[in-house]
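Engineer: just coords:
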C-alpha cells in the first residue's frame with residue numbers, strides 16, 4: 001500500500017520535482033464484511049462479494065444462480081447456509097426466525113432477508 005500523500009505543489013503542471021509527504025504506517029484492520037461470503041444452497045457452494053443490500057440481490061447480480069421465489073421471507077426457497085464470513089450480515093429478522101426456527105443456530109439464513117452491512 002502506498003502511504004504517500006500528494007501535496008498541492010505536486011499537482012502544478014510542468015512541475016519537475018514531485019513533493020510528497022509520507023504518512024506514518026497505520027494498522028489496517030479487516031472489516032467483518034471485507035471478505036467474500038461463502039454460502040451453500042442445494043449442495044452447491046457460492047462465493048459472494050459484499051455489496052450493499054440483500055444477500056440474494058448481491059448473489060444474483062454477481063451471476064450466482066440461487067433458488068428463490070417470493071423475496072418476502074415467506075416461501076423459504078432462498079434458504080442458504082452461511083459457511084464463512086457471515087459476520088458482515090444483519091442479525092436474523094422475525095421472518096427468518098419464524099421460517100427457519102432452530103436452523104438459524106446452524107448458520108441458515110433467508111437470502112432475501114439477510115442484509116449485507118457496509
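Structural biologist: Received the coordinates, thanks. The structure displayed is predicted, hence computed values, not measured ones.

Engineer: wait, residue 70 touches residue 95, no?
Structural biologist: No. With contacts counted by Cβ atoms under 8 Å, residue 70 stays clear of residue 95, the gap being 10.5 Å. C-betas here are computed from N, CA, C, even on glycine.

Engineer: so where do the strands sit in this protein?
Structural biologist: Assigned by DSSP state E, the chain shows strands spanning 4-6, 20-22, 37-41, 44-48, 53-54, 79-84, 108-110, 115-116.

Engineer: so which of those strands is the most packed in?
Structural biologist: For the strands of the chain, the stretch with the most neighbours on average is strand 108-110, a mean of 25; neighbours defined as mean count of other Cβ atoms under 10 Å.

Engineer: show me what it is packed against.
Structural biologist: If you count contacts as 3 or more Cβ pairs under 8 Å, 6 or more residues apart in numbering; DSSP states H and E, strand 108-110 packs onto strand 79-84, helix 94-100.

Engineer: residues touching residue 53, list them.
Structural biologist: Contact partners of residue 53, counting by Cβ atoms under 8 Å, 6 or more residues apart in numbering, are 115-116.

Engineer: switch the cut-off to 7 Å
Structural biologist: Under the criterion of Cβ atoms under 7 Å, 6 or more residues apart in numbering, the neighbours of residue 53 are residue 116.

Engineer: please tell me the pLDDT value assigned to it.
Structural biologist: At residue 53 the predicted local confidence, pLDDT, stands at 97.
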